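Colleague: sequence unknown, structure follows:
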């Protein structure tokens with residue numbers, strides 16, 4: 001190894017970490033100030049960002065419209081464009097609500113993010129088994145951090161680690177403010193096994209509507225009549241460890257106000273036919289999106305693998321028929 005390469009190996013990581021710290025120190029005061037502002041003021045800021053993002057930057061406008069065309073082929077283009085505009089307003093609101101989570105009080109988040117059938121947790125606790133809470137990128141999933149107030153079961157959320165360690169630490173700390181524990185996605189199974197070994201009954205929150213990597217795909221199924229690769233991790237974990245599976249339905253009542261309803265998909269996954277839980281999740285997610293499509297996370301290219309499904313004769317993957 002040359003001396004230049006050796007020097008780069010030594011100093012490059014330190015310089016990157018230094019720059020990440022600078023970015024964090026410059027950004028954090030603005031995040032803190034914004035998080036302390038009333039939501040009414042933040043909504044005005046959100047409207048301004050929306051105008052900039054949609055009309056001037058045009059962030060992923062084509063991706064969103066293409067997704068909507070595939071999902072709702074019978075809707076007219078003007079209607080789809082209206083849904084797109086509204087979805088961008090909501091998209092920015094989610095960004096603002098995520099920042100607000102750094103400064104929102106427990107009282108306010110409980111008023112704005114309400115669980116309308118929280119009594120279901122009494123039934124779940126009586127089962128004396130851990131839970132997989134399965135949801136989608138619909139409405140607001142960021143404010144789920146107050147869920148621990150509803151149950152004695154330890155609530156754990158899987159999250160994708162950020163490359164900037166300072167922001168990563170901040171977000172993890174913030175999302176744990178009300179007792180909700182956060183675990184990196186790569187360490188979720190390890191945490192699950194540790195808790196199981198210690199007989200700690202836990203609830204694991206997983207969002208399962210995005211595209212898995214093709215080499216990790218075990219199941220292809222219809223999502224809005226389009227065959228795409230489907231995340232099956234939630235079902236596989238539930239079946240392997242016999243965890244109860246709950247679906248989380250989030251309704252946006254009005255701006256920055258949500259109601260969440262839970263539904264038990266399976267109390268005994270180990271006895272449930274393969275992919276039945278996943279199909280039930282997809283069915284409910286579709287129903288939720290069809291009701292108010294503007295509240296879904298359309299900027300993700302969900303259908304990028306729509307023409308890549310293997311033949312049904314393949315033994316490596318399962319093709320759904322629902």
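Modeller: Received, thanks. Note that the structure is predicted; figures quoted are calculated from it, not measured. Residues are numbered from 1 along each chain as shown.
Colleague: and stretch 119-127, what's buried?
Modeller: For stretch 119-127, a neighbour-count test (16 or more other Cβ atoms under 10 Å) marks 120-121, 124 as buried. (Glycine included, C-beta is placed from N, CA and C.)
Colleague: just curious, which of these is nearest to residue 169?
Modeller: residue 121 (30.0 Å; Cβ to Cβ).
Colleague: which strand or helix spans the closest one?
Modeller: Element membership for residue 121 (DSSP states H and E) is helix 120-127.
Colleague: now swap in residue 227 and tell me
Modeller: strand 226-229.
Colleague: for that strand, what is the average pLDDT?
Modeller: Mean per-residue pLDDT for strand 226-229: 92.
Colleague: just stretch 254-264 next, same as before
Modeller: In this model, stretch 254-264 has a mean pLDDT of 96.
Colleague: now stretch 162-179
Modeller: Stretch 162-179 comes out at a mean pLDDT of 89.
Colleague: so where's the chain shaky on pLDDT?
Modeller: 1-13, 311-322 (pLDDT under 70).
Colleague: show me where it has its helices.
Modeller: 3-36, 39-51, 61-71, 77-100, 106-112, 120-127, 165-175, 188-197, 233-241, 276-291 (DSSP state H).
Colleague: got those helices as JSON lines, with distance to residue 219 columns?
Modeller: Shown next, in JSON lines, are the helices of the chain (distance: least, Cβ to Cβ, whole Å):
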{"stretch": "helix 3-36", "distance to residue 219": "38"}
{"stretch": "helix 39-51", "distance to residue 219": "36"}
{"stretch": "helix 61-71", "distance to residue 219": "20"}
{"stretch": "helix 77-100", "distance to residue 219": "27"}
{"stretch": "helix 106-112", "distance to residue 219": "35"}
{"stretch": "helix 120-127", "distance to residue 219": "26"}
{"stretch": "helix 165-175", "distance to residue 219": "29"}
{"stretch": "helix 188-197", "distance to residue 219": "18"}
{"stretch": "helix 233-241", "distance to residue 219": "9"}
{"stretch": "helix 276-291", "distance to residue 219": "6"}
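Colleague: need the winner for burial among the ones you listed.
Modeller: Compared across the helices of the chain, helix 233-241 shows the largest average neighbour count, a mean of 21 (mean count of other Cβ atoms under 10 Å).
Colleague: now it: how far from the chain's centre is it?
Modeller: 18 Å (Cα atoms, centre = their mean, to the nearest Å).
Colleague: elements contacting that helix?
Modeller: If contacts are counted by 3 or more Cβ pairs under 8 Å, 6 or more residues apart in numbering; DSSP states H and E, helix 233-241 sits against strand 131-135, helix 188-197, strand 202-207, strand 244-254, helix 276-291.
Colleague: who's in contact with the second one?
Modeller: Where contact means Cβ atoms under 8 Å, 6 or more residues apart in numbering, the residues beyond helix 188-197 that reach it are 130, 154, 156, 158, 183, 201-202, 204, 237, 241.
Colleague: now the angle from that helix to helix 233-241?
Modeller: 30 degrees (axes from the mean of the first three to the mean of the last three Cα atoms, to 10 degrees).
Colleague: related to what we said a few turns ago, between the helices and strands packed on helix 233-241, which one is nearest to residue 21?
Modeller: Nearest of the helices and strands packed on helix 233-241 (Cβ to Cβ): helix 188-197, 27.7 Å.
Colleague: report the angle between that closest one and strand 202-207.
Modeller: Using the same axes, to 10 degrees: helix 188-197 against strand 202-207 is 160 degrees.
Colleague: if we can go back for a sec, go through the helices of the chain and name the closest to residue 301.
Modeller: It is, among the helices of the chain and with distance given as Cβ to Cβ, helix 61-71, at 5.4 Å.
Colleague: tell me the helices and strands packed up against the closest one.
Modeller: Secondary elements touching helix 61-71 (3+ Cβ pairs under 8 Å, 6+ apart): helix 77-100.
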